[in-house]
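*Asks:* no FASTA, just this:
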């Protein structure tokens, strides 16, 4: 059996396209090994396990009454707002009087 140093020297003596193929094969094998370890770990821990359910439960959503949980996060901030006090509306702003300055037509210079 060859040792690793002898194998590397043998690959160095090969043409460039062969070295690229060896490099690609080694990278693919390394990636495959990492993917296999990741997949085996995920299956062993049950990450891909599907929780048993029936089609009868598919349409049922959990009902959370107000006050059952504390107001937490963004949903809590939305729940804390008074409902129905402010009617929804759209405000149209006339954009005819723009304050955007148009650049003058001239050569563009980029300082370095």
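*Replies:* Thanks, I have the structure now. All figures in this text were calculated on a predicted structure; none of them were measured in a lab.

*Asks:* which strands or helices does the biggest helix by length in the chain pack on?
*Replies:* When the chain is parsed with DSSP state H, its longest helix is helix 16-45. Packing partners of helix 16-45 (3 or more CB pairs under 8 Å, 6 or more residues apart in numbering; DSSP states H and E): helix 4-12. To be clear about C-beta, it is placed using only N, CA and C from the backbone, and glycine gets the same treatment.

*Asks:* what's the helix it packs on packed up against?
*Replies:* By 3+ CB pairs under 8 Å, 6+ apart, helix 4-12 packs against helix 16-45.

*Asks:* next, the buried residues of the helix it packs on.
*Replies:* For helix 16-45, the buried set under the neighbour-count rule, 16 or more other CB atoms under 10 Å, is empty.

*Asks:* any weak-confidence spans in this protein?
*Replies:* Residues of the chain meeting the criterion pLDDT under 70: 1, 53-88, 95-105.
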